[in-house]
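K.L.:
Need a 3D model of the sequence below.
(chains A and B)
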Amino acid sequence: MAVVFQKPKSLADVPLHYCPGCPHGIIHRLVAEAIDELGIEGKTIGVAPVGCAVMAYDYFTVDMIEAAHGRAPATATGIKRSRPENIVFTYQGDGDLASIGMAETVHAAARNENITIIFVNNAIYGMTGGQMAPTSLPGQVTQTSPYGRDVNHCGWPIKVSEMLATLEGPEYITRVAVNNVKNVLAAKKAIKKAFQNQIEGKGFSLVEVVSACPTNWGMTPQQALKWVETDMLPYYPTGVYKDRTAAKEAQE
Amino acid sequence: MAKLTFLTDLCKGCGLCVDACPKGCLAIATEKINKKGYSPAEMVAEDKCIGCAFCATMCPDCIITVEK
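P.N.:
Next comes the predicted model:
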């Protein structure tokens, strides 16, 4: 009998602290699989965010550093510029990347820093107890929008991938989801490509992963994945928003 | 026939593997709890398993090893 599926080596053998059914575990595994398959475990440095994934440094068997809230792209920039031979990735949520860390994200993209960003968008602040995030959908009920997000009062959700794709800087911007097997496999391909781009020195690669938060959405894990499909994906459609190399090749 | 190994004590009983299985081989245990106090997922129809690893692909806690 041959092993067809097992835990990747780059994912530590410890229990994850995430809630039951939280897709963070799936996304951690996809990142670890990409690191394993590219054979970069020994030279990868990860930057953990503030948010539910704050303890990601315990879960990857690569060197990890913890950044101040939202400053992971800035920290990663520093690491990559001083140690260009290392592969540097950040793993951030929507409260971290799209709210307090928006400036760092946009400028890292504009400078086309040669780093990989995994951006987990679950439309809510998970760790702090389910407050409205910049990515919460119009009408979405959260702790701080009990009557649903009122766009006249709170503004519209930020579509990070679409926004960054308008910049000249970044190499690769894509949005994927992890609500079913097909999407998980597509997400794995995108994450691997984002790391591959960095190895080849192509520049800034960001993979936005549309995820779920069963606990703070007040749903079962099954309902949450269904909600991703029915409500989140129509607002945050998956797809490649920018791929400079592919666009250049298509032109030639 | 495929063989699935579960790290039962790490299971949180979310049931995403049960939903992902195209053959209905898995279920959440009804009369068992693990170290964490959750009812873990278990194999109920091993003969139907085709080793597609869909369950392991969707498992957030990476507790399933699939051999074929």
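
K.L.:
Could I get the contacting residues of residue 57?
P.N.:
Just so you know, I chose chain A. By Cβ atoms under 8 Å, 6 or more residues apart in numbering or on different chains, the contact set of A:Tyr57 is A:46, A:48, A:64-66. No exception for glycine: its C-beta is placed from N, CA and C like everyone else's.

K.L.:
looking at chain B here, not the other one
P.N.:
Residues in contact with B:Thr57 (Cβ under 8 Å, 6+ apart) are A:5, A:26, A:181, A:184-185, B:20.

K.L.:
Quick check: of these, which lies closest to A:Ala224?
P.N.:
Relative to A:Ala224, the closest of the contacts of B:Thr57 is A:Ile26; by Cβ to Cβ it sits at 12.5 Å.

K.L.:
From start to finish, how long is stretch A:238-250 in a straight line?
P.N.:
Terminal residues of stretch A:238-250 are spaced 21 Å apart (Cα to Cα, to the nearest Å).

K.L.:
Which positions in that stretch come out as buried?
P.N.:
For stretch A:238-250, the neighbour count (16 or more other Cβ atoms under 10 Å in any protein chain shown) marks A:238, A:240-244 as buried.

K.L.:
Pull out the buried positions in stretch A:145-156.
P.N.:
For stretch A:145-156, using 16+ other Cβ under 10 Å, the buried residues are A:145, A:149.

K.L.:
Sort out for me which of the buried residues of stretch A:238-250 are in helices.
P.N.:
Counting by DSSP state H, the buried residues of stretch A:238-250 place A:Arg244 in helices.

K.L.:
Serialize the buried residues of stretch A:238-250 to CSV and add fields for distance to B:Ala41 and pLDDT.
P.N.:
Listed next are these as CSV, based on distance: Cβ to Cβ, whole Å; pLDDT from 0 to 100:
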residue, distance to B:Ala41, pLDDT
A:Thr238, 28, 97
A:Val240, 34, 97
A:Tyr241, 36, 97
A:Lys242, 39, 96
A:Asp243, 38, 96
A:Arg244, 43, 92
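
K.L.:
what does the stretch 1-150 of chain A put close to chain B?
P.N.:
Counting by Cβ under 8 Å from any Cβ of the partner chain, the residues of the stretch 1-150 of chain A close to chain B are A:1-8, A:11, A:15-16, A:18-26, A:28-29.

K.L.:
Can I have the buried ones of the residues you listed as a ChimeraX selection?
P.N.:
The buried subset of those, as determined by 16+ other Cβ under 10 Å, is captured in ChimeraX by this line:
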select /A:5,7,8,11,16,18,19,20,21,22,23,24,25,26,28,29
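
K.L.:
First-to-last residue distance for stretch A:34-42?
P.N.:
End-to-end span of stretch A:34-42 (Cα to Cα): 13 Å.

K.L.:
Need the residues that contact that stretch.
P.N.:
A:8-10, A:44, A:60-62, A:87, A:188, A:191-192, A:194-196, A:199.

K.L.:
Filter those down to the ones in helices?
P.N.:
Checked against DSSP H, the contacts of stretch A:34-42 include these in helices: A:188, A:191-192, A:194-196, A:199.

K.L.:
Out of those, which is nearest to chain B?
P.N.:
Of all these, A:Lys188 has the smallest distance to chain B: 8.9 Å, by Cβ to the nearest Cβ.

K.L.:
Report the contact partners of the closest one.
P.N.:
A:30, A:33-34.

K.L.:
sorry, back to before: let me have the ones in helices among the contacts of stretch A:34-42 in TSV, adding distance to A:Thr230 and pLDDT as columns.
P.N.:
Shown next, in TSV, are the ones in helices among the contacts of stretch A:34-42 (distance: Cβ to Cβ, whole Å; pLDDT from 0 to 100):
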residue	distance to A:Thr230	pLDDT
A:Lys188	23	97
A:Ile191	25	97
A:Lys192	28	97
A:Ala194	27	97
A:Phe195	31	97
A:Gln196	33	97
A:Ile199	37	97
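
K.L.:
Show me the strands in chain B, by range?
P.N.:
B:3-6, B:26-28, B:41-43, B:64-67 (DSSP state E).
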